[in-house]
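[1] this one's sequence-less:
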């Protein structure tokens, strides 16, 4: 959650140099940023990077974050390059703060820590209305337009992130190697539906990779505190290049499901899709190609299948790093629910495909 995202967080404060106990001890990290003795609060409930809100010191209020080991420290060089470019284009964006020594990150106790500017705002788990959907589309369009001319060699790459065949192969491997899993029969039946959905996918055309956010789900968009206007994209560790319809598909699968992706009832909302498309198209004129625009539905369905395959495989592997024990008895059950949500939303989109295509035709950027 880089950039000062005011999502729900615990209200307990943790002080350094004079009050209470802090675990882990971040005294050296805070000193590196000129914030010795600052007050910290755990911020958000993200599954990957541990995040704190810091009050005090040379930078005032800022975000302190421990980088998850899945990301190399050099990802911060990518974030710095892209956010400098965004800022130069006049966009609101979180920026990395440099240490007193001029570094982009701090190595402490074999962990990587970084600091980002604070931007007052809120993150949404689900869209509440068409206006928010339009704002989300507008924000992503602003981002894509701004970075369309960026020349940067990314230090962090994510090979295979949208390799559909690889995700399906991983699911087949899980089915072959985890036959001893107590819920194998249930998951195997779900896997058959994933493979059936995969067989219905159309191939994307050959498209030049674009600079993208990489994970444009709804809660990676920062809205104003009243949740009426989208300010910017946050959580930038996934920056890189990929085919634009896959980026857009990842956005629409998240934004257009009013029921959420964990607890059943998933569907694809044409109302939210229309509003989000309208917002995006207003920014996309002049840089998105006809092939990219015409491939949005294929990209969205591809993402649904990929995610269903990933979650279904992990219902057997149980290696996913987060699950909700309040709602599910095990990681397996939670990931099965996640997979089912993707399949339900994909089915909903397929049932409305003609209407969705008509929206794409009507709203295509001139």
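    Sure, I can see it. This one's a predicted model, so the numbers in the text were calculated from it and none came from an experiment.

[2] separation between residue 327 and residue 189?
    As for residue 327, its distance to residue 189 is 22 Å (criterion: C-beta to C-beta, to the nearest Å). To be clear about C-beta, it is placed using only N, CA and C from the backbone, and glycine gets the same treatment.

[3] ugh, wrong one, residue 41
    Between residue 41 and residue 189 the distance, using C-beta to C-beta, works out to 45 Å.

[4] more crowded one of those two?
    With other C-beta atoms under 10 Å as the criterion, residue 41 and residue 189 differ in neighbour count, and residue 41 comes out ahead with 15 against 9.

[5] Identify the residue spatially nearest to that one, adjacent ones excluded.
    residue 53 (4.7 Å; C-beta to C-beta, 6 or more residues apart in numbering).

[6] What is the neighbour count of that neighbour?
    Burial of residue 53 is recorded as 22 neighbouring residues (other C-beta under 10 Å).

[7] tell me which residues form a beta bridge with it?
    Partner residues in beta bridges with residue 53: residue 41, residue 63, with DSSP bridges as the criterion.

[8] Make sure it is actually in contact with residue 60.
    No - with contact taken as C-beta atoms under 8 Å, residue 53 and residue 60 are classed as non-touching, separated by 11.4 Å.

[9] For those two, list the residues in contact with both.
    Contact with both residue 53 and residue 60 is made by residues residue 118, according to C-beta atoms under 8 Å, 6 or more residues apart in numbering.

[10] Residue 92: neighbour count?
    Every residue meeting other C-beta under 10 Å relative to residue 92 is counted, giving 16.

[11] Residue 324 now?
    12.

[12] Tell me how far it lies from residue 339.
    When distances are taken as C-beta to C-beta, residue 324 and residue 339 turn out to be 15 Å apart.

[13] ditto for residue 229
    Distance, residue 229 to residue 339, by C-beta to C-beta: 34 Å.

[14] neighbour count winner among the two?
    When residue 229 and residue 339 are compared on other C-beta under 10 Å, the one with more neighbours turns out to be residue 339, at 26 against 14.

[15] Mind telling me what element the more buried one is part of?
    Assessed by DSSP states H and E, residue 339 sits inside helix 331-351.

[16] same for that helix, what does it pack against?
    Of the remaining helices and strands, those touching helix 331-351 by 3 or more C-beta pairs under 8 Å, 6 or more residues apart in numbering; DSSP states H and E are helix 184-199, helix 296-317.

[17] The longest one - contacts with which helices or strands?
    Looking back up the chat, that one is helix 296-317. helix 164-177, helix 184-199, helix 244-255, helix 331-351, helix 353-363.

[18] Could I get the average pLDDT for the last one?
    Right, helix 353-363. Averaged across helix 353-363, the pLDDT comes to 97.

[19] List the neighbours of that helix that are in contact with it.
    Helix 353-363 is contacted by residues 268, 270, 273-274, 277-278, 281, 293-294, 296-297, 349 when judged by C-beta under 8 Å, 6+ apart.

[20] now do the first one
    Counting by C-beta under 8 Å, 6+ apart, helix 164-177 makes contact with 160, 187-188, 191, 194-195, 198, 201, 302, 305-306, 309-310, 312-314, 316-317, all of which sit outside it.

[21] redo that, cut-off 10 Å
    159-161, 163, 181, 184, 187-188, 190-192, 194-195, 198, 201, 203-204, 246, 302-303, 305-317, 319, 339 (C-beta atoms under 10 Å, 6 or more residues apart in numbering).

[22] Narrow those residues to those that are buried.
    Among these, those classed as buried by 16 or more other C-beta atoms under 10 Å are 161, 181, 184, 187-188, 190-191, 194-195, 198, 204, 246, 302-303, 305-317, 339.

[23] Return the set of buried residues in stretch 30-44.
    Under 16+ other C-beta under 10 Å, the buried positions of stretch 30-44 are 30-33, 35-36, 38-40, 43-44.

[24] now do stretch 261-274
    When burial is assessed from 16+ other C-beta under 10 Å, stretch 261-274 yields the following buried residues: 261-262, 266-270, 272-274.

[25] Please apply the same query to stretch 155-175.
    Burial within stretch 155-175, assessed by neighbour count using 16+ other C-beta under 10 Å, is assigned to 156, 158, 161-162, 164, 167-168, 170-171, 174-175.
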